[in-house]
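> here is a sequence with its predicted model. Questions after.
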Amino acid sequence: MTRKYFGTDGIRGFVGEGVITPEFVLKLGWATGKVFEEQGHCKILIGKDTRISGYMFESALEAGLVAAGADVQLLGPMPTPGIAYLTRTLRAHAGIVISASHNPYYDNGIKFFSSEGKKLDDDIERAIEDKMDEPLVVVESSRLGKASRIEDAAGRYIEFCKSTIPPMMDLSGIKLVVDCAHGSTYHVAPFVFEELGAEVIKLGVEPNGTNINDGYGATSPEALTEAVVSTGADFGVALDGDGDRLIMVDHLGSIVDGDEILYILAKSRQSTGYQGSSVVGTLMTNLGVEHALNRLGINLLRSAVGDRHVIQLMNESASILGGEGSGHLICADRTTTGDGIISALQVIETMKREATSLHELKSDIQKYPQHMINVALSAGQKFVMTDEIKKAVKGVEETLNGTGRVLLRPSGTEPLVRVMVEGEDFALVQALALDLSKTVERLVNV
């Protein structure tokens, strides 16, 4: 479907520019309310991360929804997966998240969950976009929606997270560092682990509206690495600003990324009797992880980059696990969307059950070096895989001789084509990526 406003993960951009303005978001709230009110009187949840602009967009959405006749329940700062969970359990018709995820504070966005806590169907997104073209008409006063606040939203979600590991399992004796990126998990994640018995050292739990993802969290795990080593912690957990990504650090200070966590979870599910034969990664999932999975008899299916594509392929293949190297992991047997806290708990459960360390759990994986170079395209230019480019790619693949792979991927957000080469020998990978990127640059600019 061609979208006017929605991308692969809602609507996102620079605050005050394009569609990320109070006027647009007010109209978006109204359009959303009108679409859901056509199915009967509806209730919509609104949650947000800790960006300063969240207050502005929360008010705009609330006004638009109420003007359309929809009731609104405000959750305040809540992790994106927490909003998905509460949308389901509070029997709301939809949930709205005000967040730009791992982006800096000066970006923001709007994304939606269905009543099942999943991404909205394309036809509903299309209906909302169509409704945006109509004039905003306020319903008669007696039909205006009402707004209320859910005071115990965080507590409800904390209990849900704890319920995803066995009820008799506690984390006594574990010392961990939790980095919340000054984002929406600051008042949730530490309490989940503490209430399960762990000793928790907190990082990134002092949001001020402008420090979200700034030097902390899943996109900047250096602070976590330093804290784990300096405090002698068993491991560390880094979440991003809206809590749907997870990066971990072992006791030696080594980063454990989403690819490695996906392998750990797949092996764990297999050891506890799950009979599924596949998990879902993306085109960027490391080849070493694929080989490690294959040794277990588990097939890696590769989707396009982006959690929407991962979830779609999971549904098509009946896979319960999927994820990306960035740390966006979906445990479909536990919840409906990517959830950093729940993914971390699944890894910790495995550590406890097998009485082993995070370092040991990832030891079966020998990751292959990857080198990626961005080749600029002209504004509006579309990348075309010509015969000459295909010939150049084939030449690189023949040089790798089955020990690596090549990927050319147009960016979904910038005028770029990403040239990635992966293989056993880092020096060779670098040289091949450089040569191929120069060839691509020459051919696309003919």
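It's in. In this text the structure is predicted, and so the values were computed from the model without any measurement. Numbering: from 1, shown residues only.

> make it CA atoms for all contacts and neighbour counts henceforth
OK.

> flag the shaky bits of this structure, pLDDT-wise.
Within the chain, the stretches with pLDDT under 70 are 1-2, 413, 446.

> packing partners of the longest helix along it?
Determined from DSSP state H, the single longest helix within the chain is helix 426-444. Counting contacts by 3 or more Cα pairs under 8 Å, 6 or more residues apart in numbering; DSSP states H and E, helix 426-444 packs against strand 370-376, helix 387-400, strand 416-423.

> as a markdown table, the ones you listed with distance to E37 and mean neighbour count would be great.
What follows is the helices and strands packed on helix 426-444, written out as a markdown table (distance: least, Cα to Cα, whole Å; neighbours: other Cα atoms under 10 Å):
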| stretch | distance to E37 | mean neighbour count |
| --- | --- | --- |
| strand 370-376 | 45 | 18 |
| helix 387-400 | 51 | 15 |
| strand 416-423 | 41 | 23 |
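
> closest to the centroid, which residue in the chain?
Centre of the chain computed as the mean C-alpha position; nearest residue by Cα atoms, centre = their mean is H328, 4.0 Å away.

> ok, it to D240 distance?
10 Å (Cα to Cα, to the nearest Å).

> overlap in contacts, the two.
Residues touching both H328 and D240 (Cα atoms under 8 Å, 6 or more residues apart in numbering): L246.

> thinking again about what came up before, out of the helices and strands packed on helix 426-444, which comes closest to L246?
Shortest separation from L246 across the helices and strands packed on helix 426-444 is recorded for strand 370-376, at 20.7 Å, computed as Cα to Cα.

> tell me the angle the closest one makes with helix 426-444.
Inter-element angle recorded for strand 370-376 and helix 426-444: 20 degrees (by axes from the mean of the first three to the mean of the last three Cα atoms, to 10 degrees).

> let me see the ranges of the helices in the stretch 101-250 of the chain.
Using DSSP state H, counting those that start in this stretch, the helices of the stretch 101-250 of the chain run over residues 122-132, 153-162, 189-195, 222-231.

> am I right that L86 sits in a strand?
No - counting by DSSP: H, G, I helix; E, B strand; the rest coil, L86 is located in no strand; its state is helix.

> ok, residues contacting stretch 409-429?
287, 368-381, 383, 400, 403-408, 430, 432-433, 436-437.

> span of that stretch from start to end?
17 Å.

> for stretch 207-223, same thing?
The first residue of stretch 207-223 is 16 Å away from its last residue (Cα to Cα).

> ditto for stretch 220-240
Terminal-residue distance, stretch 220-240 (Cα to Cα): 9 Å.

> would you mark the buried spots in that stretch?
Within stretch 220-240, the residues that count as buried by 16 or more other Cα atoms under 10 Å are 220-222, 224-225, 227-229, 233-240.

> domain parsing for the chain?
The chain is divided into the following domains under automatic domain parsing: 11-151, 157-361, 370-444.

> next one: the shortest one to chain centre, how far?
What it means is domain 370-444. 26 Å (Cα atoms, centre = their mean, to the nearest Å).

> residue contacts, D234?
With Cα under 8 Å, 6+ apart, D234 has these contacts: 174-176, 228, 250-251, 357.

> for the nearest residue to it once chain neighbours are set aside, grab phi and psi.
Closest residue in space to D234, ignoring its immediate chain neighbours: H251 at 5.0 Å, by Cα to Cα, 6 or more residues apart in numbering. Phi and psi for H251, reported as degrees, to the nearest 10, are phi -70, psi -20.

> ok, now how distant is H251 from V177?
Distance from H251 to V177, by Cα to Cα: 10 Å.

> what does G76 give?
25 Å.

> what about the two, which has more around it?
The neighbour comparison of G76 against V177 (other Cα atoms under 10 Å) goes to V177, with 26 against 23.

> distance of that one from G338?
Counting by Cα to Cα, the gap from V177 to G338 is 21 Å.

> likewise for A355?
26 Å.

> which one's more surrounded, these two?
G338 (25 against 8).

> right, and the more buried one touches I83 too?
No - contact criterion Cα atoms under 8 Å: G338 and I83 do not qualify, at 11.6 Å.

> contacts only, for the residue lying closest to A227 once chain neighbours are set aside.
Counting by Cα to Cα, 6+ apart, A227 lies nearest to V177, which is 7.1 Å off, once chain neighbours are set aside. Each residue near V177 by Cα under 8 Å, 6+ apart is listed here: 200-203, 224, 227-228, 233, 235-237.

> so what's V177 bridging to?
Beta-bridge partners of V177, counted by DSSP bridges, are I201, G236.

> going forward, begin numbering at 828 instead of 1
New numbering, starting at 828: the last item is V1004.

> between the buried residues of stretch 1047-1067, which is nearest D1041?
Closest to D1041, out of all of the buried residues of stretch 1047-1067 and judged by Cα to Cα, is S1047, at 7.7 Å.

> now do the contacts for that closest one.
1040-1041 are the contacts of S1047 under Cα under 8 Å, 6+ apart.

> look up how far S1081 lies from it.
Taking Cα to Cα, one finds S1047 at 13 Å from S1081.

> now the closest residue to E1021 other than its chain neighbours: how far from L1079?
Spatial nearest neighbour of E1021, excluding adjacent residues (Cα to Cα, 6+ apart): V1027 at 6.3 Å. Distance of V1027 to L1079, given as Cα to Cα: 18 Å.

> kindly report the same for V1019.
Counting by Cα to Cα - V1019 and L1079 are separated by 24 Å.

> between those two, which one's more packed in?
The neighbour count for V1019 versus L1079, taken as other Cα under 10 Å, is higher for V1019 (22 against 15).

> next up, the contacts around the residue lying closest to that one once chain neighbours are set aside.
Computed as Cα to Cα, 6+ apart, the closest residue to V1019 that is not its neighbour in sequence is I985, at 5.7 Å. By Cα under 8 Å, 6+ apart, the contact list for I985 reads 1015-1016, 1018-1019.
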